[in-house]
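*Asks:* Mind looking at a prediction? Sequence and model below.
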Amino acid sequence: MITVIGGGAGADAGSWPGEAALVVDVRGDELTDTELDLIEKHVAGDGGGARVVVRVLGDPGFFGPVRTLEKRLGPAGLEVSPAPTAVGLAFARLGLPWDDAFVVDGREVRGAEAYGSALARVVNVCRARPKVAVLPGPGVGPAELGAELVHRVESRTLVVFTALGDPFRERFERVEPAEAMCRSWEGVSLVLCLDESRAEGPPPVVTGPLSGPGRWALPDREFGAEDGSVLPYEARALALARLGPRVGDLVWDIGTGCGAVAVECARLGAAAVAVEKTASGVERIRANTAAHGVEVRAVHGAAPTVLSHLADPDGVFIGGGGRELRSIVLTAARRARRAVVVAVTALEQVTPVRTALESCGFAAEGVLLHSQRLLPLPDGSSTMAPAAPVFLVWGTR
């Protein structure tokens, strides 16, 4: 039998009832192969009657060793005694609810080919969400988070917990990203990244935040673009499908006009940057960001030059570029981890875009979208009104 016990950092091995053939203290979320082999050896010995105790800070079923033990030895031989999670303790210290918080693990990279580095994934979640708990790992701590966030978000506070759960050594402090990046940190248990400028939303109807909005490819009018500067929702739906924005992703929206694609990606959980060369366009982006209750970083400048200052994206949407279109596509394709989607209105632009994507190792596809929208007439009947045709060309790595 394996008894998995959650508790505080100062727990004493003698405080647990009964005798144990082996006691293993887990300080992170995973047991090492050597520890697993030792546990398996003790459990198999003496006809399976030996008792093994595995102790962990917090709830062992929440980013703890229960998953590893269950996969290796099966659930039948596990006796789990939970305790308050480290995340729950941290939010309790601040007097905040955490049923709407994101928890992101910076201790390892799962699916690195899709997400990039652990730090990039954590930072993207912190950019996209107002309440995030970060389990720190190598290269993912307060200093690294501060350095990445200081120039990428307008309002974030880092709450750094050390020795969380230890009644004698536990402490926490609030710091701005600029301060966090300039300090050396030791013994960090947890980091909360909070946007305290955003009002508390309604409580979720499930534990944790909803995975996505109830609808997307929103009507054009919801972006205040009655002048035709917004990508039509028919084309936007396909563009979003090819971008596939997820929590932990970063998406660029270049030549966005009003920020529609960036806002939609942010609503789906990704961190988003909208690049616009006109000052009026930047103001429209900010207005739409506020109207839809998401965070999108608006960058005022001309692509491709301004792109050099941005973090590498997972996906890129390009809705404008003029004479610089091919250069913009090449720059985006060289840096995008997964997908690039380009909207153009002229047939002669399709081939240069496709060849630029293919030259960077992308498999390119495309489609001409020419839709007819239902239009009611005064007499109660209906007719069809043609929308402007759009060529969508996309590349996947």
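*Replies:* Great, that's in hand. Residues are numbered from 1 along each chain as shown.
*Asks:* Can you show me the helices along the stretch 151-300 of the chain?
*Replies:* Residue ranges of the helices in the stretch 151-300 of the chain, as given by DSSP state H, counting those that start in this stretch, are 177-180, 233-243, 260-267, 279-292.
*Asks:* Ok, the stretch 1-150 of the chain next?
*Replies:* Under DSSP H, counting those that start in this stretch, the stretch 1-150 of the chain gives helices at 33-44, 66-73, 86-94, 112-115, 118-128, 142-149.
*Asks:* Single out the most deeply packed of those.
*Replies:* Mean neighbour count (mean count of other CB atoms under 10 Å) peaks for helix 118-128 among those, with a mean of 25. Yep, even glycine has a C-beta here, placed from its N, CA and C like the rest.
*Asks:* what angle do it and helix 260-267 make?
*Replies:* For helix 118-128 against helix 260-267, the angle by axes from the mean of the first three to the mean of the last three CA atoms, to 10 degrees is 100 degrees.
*Asks:* which residues are contacting helix 118-128?
*Replies:* Helix 118-128 is contacted from outside by 102, 104-109, 115, 132, 134, 137, 139-140, 144-145, 148-149, 152-153, 156, 193, 247-250, 266, 269-272, 294-295, 297, 311-312, using CB atoms under 8 Å, 6 or more residues apart in numbering.
*Asks:* Mind doing that once more with 6 Å?
*Replies:* Helix 118-128 is contacted by residues 102, 104, 106, 109, 115, 132, 134, 139-140, 144, 148, 153, 193, 248, 250, 270-271 when judged by CB atoms under 6 Å, 6 or more residues apart in numbering.
*Asks:* Rebuild the helices of the stretch 151-300 of the chain as TSV, extending it with distance to R121 and mean neighbour count.
*Replies:* As requested, these are arranged in TSV below (distance: least, CB to CB, whole Å; neighbours: other CB atoms under 10 Å):
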stretch	distance to R121	mean neighbour count
helix 177-180	17	19
helix 233-243	17	21
helix 260-267	16	29
helix 279-292	22	17
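*Asks:* returning to that earlier point: ok, of the contacts of helix 118-128, which come out buried?
*Replies:* Buried members of those, counted by 16 or more other CB atoms under 10 Å: 102, 104, 106, 109, 115, 132, 134, 140, 144, 148, 153, 193, 248, 250, 270-271.
*Asks:* distance between the ends of stretch 274-284?
*Replies:* Using CA to CA, to the nearest Å, the end-to-end distance of stretch 274-284 comes out at 11 Å.
*Asks:* now that stretch: how far from the chain's centre is it?
*Replies:* With CA atoms, centre = their mean, to the nearest Å as the basis, stretch 274-284 stands 24 Å off its chain's centre.
*Asks:* Kindly report the same for stretch 261-276.
*Replies:* Here stretch 261-276 is found 12 Å from its chain centre; the criterion is CA atoms, centre = their mean.
*Asks:* cool, and stretch 307-327?
*Replies:* 21 Å.
*Asks:* Start and end of that stretch, how far apart?
*Replies:* Start-to-end span of stretch 307-327 (CA to CA) is 11 Å.
*Asks:* Likewise for stretch 164-178?
*Replies:* Stretch 164-178 has an end-to-end distance of 23 Å (criterion: CA to CA).
*Asks:* give me the low-pLDDT residue ranges for the protein?
*Replies:* Applying pLDDT under 70 to the chain flags the ranges 8-18, 27-29, 46-50, 108-116, 199, 207-211, 225-228.
*Asks:* which residue sits closest to the spatially most central residue of it, ignoring its sequence neighbours?
*Replies:* The structure's the chain has its C-alpha centroid closest to G248; by CA atoms, centre = their mean the separation is 2.2 Å. Excluding the flanking residues, the one nearest G248 by CB to CB, 6 or more residues apart in numbering is R121, at 4.3 Å.
*Asks:* all strands for the stretch 101-250 of the chain, in order.
*Replies:* For the stretch 101-250 of the chain, strands defined by DSSP state E, counting those that start in this stretch occupy the ranges 102-105, 131-135, 157-162, 171-175, 188-194, 250-254.
*Asks:* Output the ones you listed in a markdown table; the columns should cover distance to G281.
*Replies:* Listed next are the strands of the stretch 101-250 of the chain as a markdown table, based on distance: least, CB to CB, whole Å:
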| stretch | distance to G281 |
| --- | --- |
| strand 102-105 | 30 |
| strand 131-135 | 29 |
| strand 157-162 | 30 |
| strand 171-175 | 34 |
| strand 188-194 | 29 |
| strand 250-254 | 11 |
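*Asks:* Deepest in the core, which of those strands is it.
*Replies:* Most buried of those, by mean neighbour count (mean count of other CB under 10 Å): strand 250-254, with a mean of 31.
*Asks:* partners of it, with directions?
*Replies:* strand 271-276 (parallel), strand 315-318 (parallel) (DSSP bridges).
*Asks:* Among these, which comes closest to R171?
*Replies:* strand 271-276 (30.2 Å; CB to CB).
*Asks:* The closest one versus helix 279-292: what angle between them?
*Replies:* Using the same axes, to 10 degrees: strand 271-276 against helix 279-292 is 150 degrees.
*Asks:* who touches strand 271-276?
*Replies:* Residues from elsewhere that reach strand 271-276, judged by CB under 6 Å, 6+ apart: 124, 127-128, 250-254, 256, 259, 262, 265-266, 282, 285, 296-299, 303, 310.
*Asks:* now with 7 Å?
*Replies:* Strand 271-276 has contacts (CB atoms under 7 Å, 6 or more residues apart in numbering) with 124, 127-128, 249-256, 259, 262, 265-266, 282, 285, 296-301, 303, 306, 310.
*Asks:* Measure how buried E295 is and give me the count.
*Replies:* 20 (other CB atoms under 10 Å).
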